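J.: Below: sequence and its predicted model.
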Amino acid sequence: MDERLETYNSKMRKTYEHLDGDYQGIRAGRANPHVLDKLRVDYYGTPTPIQQVGNVTVPDARMIQIAPWEKSLIKAIEKAILASDIGITPSNDGTVIRLTFPELTEERRKDLVKDVKKKAEECKVAIRNIRRDGNDSFKKLAKAEVSEDEIKELTDELQKLTDKYIKEVDKLMEEKSKEILTV
């Protein structure tokens with residue numbers, strides 16, 4: 001692949017991977033430890049990921065269990081979970097924190113699917129903006145004595161990349177929507 005195209009391929013891939021990461025954080029009725037990925041616990045004055053201050057396990061389909069390495073962190077972890085937007089109240093027995101995921105209502109599932117589609121559309125717009133930037137930079141190459149055929153070839157290849165990533169985003173959106181709507 002032409003190095004001029006590789007830059008835009010890399011940007012589109014990163015945009016797609018960012019969407020995938022966002023989707024990992026959306027809970028679909030089943031316990032998924034990735035919902036905790038963005039949470040930070042105050043660990044001696046330093047915001048630290050929950051996975052670095054305790055053992056995160058999924059003992060069953062509807063529960064996440066967090067066993068902090070230091071008992072003094074239980075309150076800090078609970079505080080971080082309550083301050084987050086995951087919408088689950090933690091319970092603890094003095095040694096471990098349990099997050100029990102309730103069954104999602106039909107209305108909540110539909111809201112989550114709308115959110116998934118909105119994020120996918122934002123990702124597609126970002127990919128198209130990358131394509132536009134690429135096409136603009138290729139047009140500037142015309143002034144640098146690059147043949148029109150070469151520029152046309154570059155823009156065609158960039159369009160193929162764009163189409164590929166848009167298709168990937170649609171596929172990812174469909175999979176996540178299906179996962180959310182599955183009871």
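T.: The structure has been received and is ready for your questions.

J.: Tell me where the model's unsure across the chain.
T.: 1, 27-29, 183 (pLDDT under 70).

J.: which SS class is the residue with the largest distance to the centre of it?
T.: In terms of distance from the mean C-alpha position of the chain, E145 ranks first, at 41.4 Å (C-alpha atoms, centre = their mean). Classification of E145 by DSSP: H, G, I helix; E, B strand; the rest coil places it in coil.

J.: Now do it against S84, distance only.
T.: 55 Å (C-beta to C-beta, to the nearest Å). Heads up, the C-betas are built off the backbone N, CA and C, glycines and all.

J.: for Y165, same thing?
T.: 30 Å.

J.: Which one of the two is surrounded by more residues?
T.: Y165 (25 against 15; other C-beta atoms under 10 Å).

J.: now for whatever helix or strand the more buried one lives in, which elements pack on it?
T.: Under the criterion of DSSP states H and E, Y165 resides in helix 148-181. Under the contact definition 3 or more C-beta pairs under 8 Å, 6 or more residues apart in numbering; DSSP states H and E, helix 148-181 sits against helix 3-24, helix 106-142.

J.: List the contacts of D37.
T.: Contacts for D37 (C-beta atoms under 8 Å, 6 or more residues apart in numbering) come out as G21, Q24, G25, P49, Q51.

J.: at 7 Å instead, please
T.: G25 (C-beta atoms under 7 Å, 6 or more residues apart in numbering).

J.: Same question for L19.
T.: Going by C-beta under 7 Å, 6+ apart, L19 touches K119, A120, C123, V169, L172.

J.: same question, P59
T.: Contacts of P59 (C-beta under 7 Å, 6+ apart): Q65.

J.: how does it look with 10 Å?
T.: The contact partners of P59, taken as C-beta atoms under 10 Å, 6 or more residues apart in numbering, are A31, Q65, V96, R98.

J.: Many thanks, have a good one.
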